[in-house]
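Chemist: Got a sequence here, can you model it:
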Amino acid sequence: MENTTLKLRGMSCASCARGIEEAIREVNGVNECIVNFGAELATVEYDPSKTDVTVIQQAVDEAGYSAYPLQQQNPTAQQDEAEKRRQSKETNELTRKVIVASILSGIIVIGSIPMMTGLHVPFIPMWLHNPWLQLVLTIPIQFWCGLSFYSNAWKAFKRHAATMDTLVVLGTSAAFIYSLFPTFFPNFFISQGLRPDVYYEAAAVIIALILVGKLLESRAKKQTGEAIRKLIGLQAKTARLIRNGQEIDIPIEEVQIGDVILVRPGEKIPVDGEVVDGTSTIDESMVTGESVPVKKQQGDEVIGATINKTGSFKFQATRVGKDTVLAQIVQLVQQAQGSRAPIQRLADSVTGWFVPAVIAIALLTFMIWFNIMGNLTLALITTVGVLIIACPCALGLATPTSVMVGTGKGAENGILIKGADSLELAHKIKTIVLDKTGTITQGKPTVTDFVTTDGTANGNEIKLLQLAASLERNSEHPLAEAVVRYAQTQEVGLVSVENFEAIAGSGVQGIVDNHLIQIGTQRWMSELNVKTQVLEKEKERLEYLGKTAIYIAIDGKIQGLMGISDAVKPTSTQAIKALQKLGLEVVMLTGDNRRTAETIAREVGIKRVLAEVRPDQKADTVRKLQREGKIVAMVGDGINDAPALAQADVGIAIGTGTDVAIAASDITLISGDLQGVVTAIQLSNATIRNIRQNLFFAFIYNVAGIPIAAGILFPIFGWLLNPIIAGAAMAFSSVSVLTNALRLRNFRPKVIA
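Modeler: Numbers count the residues shown, from 1 in each chain. Below you'll find the model as predicted:
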């Protein structure tokens, strides 16, 4: 299966989105399709052996809309500029129609005041009352300004569907066509004892108001997608390459892996790479959310789009185009904004039958008032009011707009959320499981103690360190790296190893100088029947100090013990306390021995510790917590954390960790700071609260508005909803939902002391 994201054109309401979903799902080979009305995106999962993107696009075209593949893989500022030009063109055309409709409908309304009020207004010329003039003024509004409504309604009709445009066309056309009869045949109405009233002002003003609402909605939608544009806008446009000793400026798209690039103070770093010469401090806040500049020197990694603050330096490009951190962030944010939150299912199910139900209610309203009251005017006003006031747009926008703003805000704070379901689920978390190494601690362990069974006699300490470091050089484990670094500081040369083997969660072994060397935990040594009592007191001392103790055995006999310390991250304690104050149970999960783990746990304030857990047992441990009825989040950074991250209800990867862990997670913290977990949960709470507000407004608006438009208050209070007011209410219902969603842009993480 493959996934593609299509940018959609021509949607006017949530019913359109539903129609596109159905059209795409009918394509042979399509497994799933999710259309986000707010983002105008279709995320499609399909079998490339049965169909392709061209066929899917054709299905969208046949449904009356258009689609084109979104350039996710290598987003550029030029592509973003082209999209902005297209949007600007559409906005300008819509603005012209709003101006024309507003001016003409204003004249029509002024001329209709005597009819609407039954009063003679001296300052309004009599010729403005003329129904023929009002007809002439209404025609351009109805059939030019409102042309898109007719076009979209016809597209929906051809696929046997009904949308918001259907309601607008039915409502305004009913008022317009009815008005033609008293205009052409006024004497007939007079002979029947009826006033030859026309309702051109209703049709004209309703279209003008809806167009105003669409203009405001369009501008608000642009703001919901602001996060993507900001991210793409971060990208540098050129890079200064060093070639043959000369400096040349080239477009960023032409940079190749391996190119050496010069960056001067104040410039943006064009692509990802590794510093090869010079030192500087880098402002990485736009990518990681961290405001403090980071010092960089030879061997350090730099991220494209971040800003060089002080010194000049040269770096070698390691990732370009779609592989850069920025491109991957943009892709993840687009993926999240195109996804659907579970809370949206109710709104989706409602919009499926909403428009047909409204049409049925409108017909019923007409029949009731016409049959009971015998009043054609009353029946017409209530019918048009029902058709106009009902709008599924607010329901369709309620969830996706909040998700768009929320995921974009997360990216601004260094939090990448892969999908709307993860964003929603995060606010339900009850238990957070934290991996120790690299998550709570810095993940850069250091050898602090090295003890041998016979001290330093006969140079055995140096020889033992050489054997141990030579073996550990073949391992990628952080503890192994600490041993190798320690040997390098002691200027100990390394030798070759044969038959190297790593035992997950236990240790490593191999042949060095014809000796079997085994390095690992006390538990593993016991499994190998290697006696460790000789260094038991030293082990207890190290563990009491919160250090990890690993044994070194040669040919089945203990020869030494190393104490390795991994400092706690400066922000871990504060972040853990904040999580606990949010009412969450915080659990430490580690393969380390219990005594060491509990020492670290006491330091950071964690009460529940799951220690001596092998990597292959981590996922099972998360599963056991879930069986306790808890919504569990797992936070980790290593390859061995990936299964547990995938098993958890919400997997949160430390971005400074491995690509495998990030791929298996639902949320990625780019900075590697646990405070990001607190921010992610606060953002989830704020987003879900915002969605619920939107859904409440959307449902209440329709539940209350439709009966009032149908005239339910007329028998009691004699009050009838004017179709013009109904049109204004419908036009601004979507705008109110969008405006509420945009409040999320003001989200700021709360500091919990």
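Chemist: need the contact list for Lys618.
Modeler: Applying Cβ atoms under 8 Å, 6 or more residues apart in numbering to Lys618 gives the contacts Leu589, Asn640, Asp641, Pro643, Ala644. Any C-beta I mention is one placed from the backbone N, CA and C, and that applies to glycine too.
Chemist: In which helix or strand does it reside?
Modeler: helix 615-627 (DSSP states H and E).
Chemist: quick one on the thing from earlier: tell me which of the contacts of Lys618 has the lowest pLDDT.
Modeler: The lowest pLDDT within the contacts of Lys618 belongs to Asn640, with 67.
Chemist: these two touch, right, Val484 and Leu471?
Modeler: No: counting by Cβ atoms under 8 Å, Val484 stays clear of Leu471, with 9.8 Å between them.
Chemist: more neighbours, those two?
Modeler: Legend: neighbour count by other Cβ atoms under 10 Å for Val484 and Leu471, higher for Leu471 (26 against 19).
Chemist: So for the helix or strand hosting the more buried one, what gets flagged as buried?
Modeler: Leu471 is part of helix 460-472 when elements are defined by DSSP H and E. Of the residues in helix 460-472, Glu461, Ile462, Leu464, Leu465, Gln466, Leu467, Ala468, Ala469, Ser470, Leu471, Glu472 count as buried by neighbour count, 16 or more other Cβ atoms under 10 Å.
Chemist: nearest to Ile417, of the residues you listed?
Modeler: Glu472 (37.3 Å; Cβ to Cβ).
Chemist: what's the neighbour count on Gln87?
Modeler: 15.
Chemist: per-residue pLDDT, it?
Modeler: 72.
Chemist: Which helix or strand contains it?
Modeler: Going by DSSP H and E, Gln87 is in helix 77-117.
Chemist: Likewise for Ile564?
Modeler: Going by DSSP H and E, Ile564 is part of strand 557-565.
Chemist: Could you check the angle that strand makes with helix 460-472?
Modeler: 80 degrees (axes from the mean of the first three to the mean of the last three Cα atoms, to 10 degrees).
Chemist: and after strand 557-565, which helix or strand comes next?
Modeler: Strand 557-565 is succeeded, C-terminally, by helix 572-581 (DSSP H and E).
Chemist: What is the helix or strand just after that following helix packed up against?
Modeler: Counting by DSSP H and E, the next helix or strand C-terminal to helix 572-581 is strand 585-589. With contacts taken as 3 or more Cβ pairs under 8 Å, 6 or more residues apart in numbering; DSSP states H and E, strand 585-589 sits against strand 431-435, helix 572-581, helix 594-604, strand 608-610, helix 615-627.
Chemist: how about the helices of the stretch 601-750 of the chain, start to end?
Modeler: Here the stretch 601-750 of the chain has its helices, by DSSP state H, counting those that start in this stretch, at 615-627, 642-647, 659-664, 675-709, 714-717, 723-742.
Chemist: next one: the shortest one to chain centre, how far?
Modeler: Distance of helix 714-717 from its chain centroid, counting by Cα atoms, centre = their mean, to the nearest Å, is 48 Å.
Chemist: List the contacts of it.
Modeler: Leu378, Thr382, Leu720.
Chemist: one step back: top of the contacts of Lys618 by neighbour count?
Modeler: Asp641 (31 neighbours).
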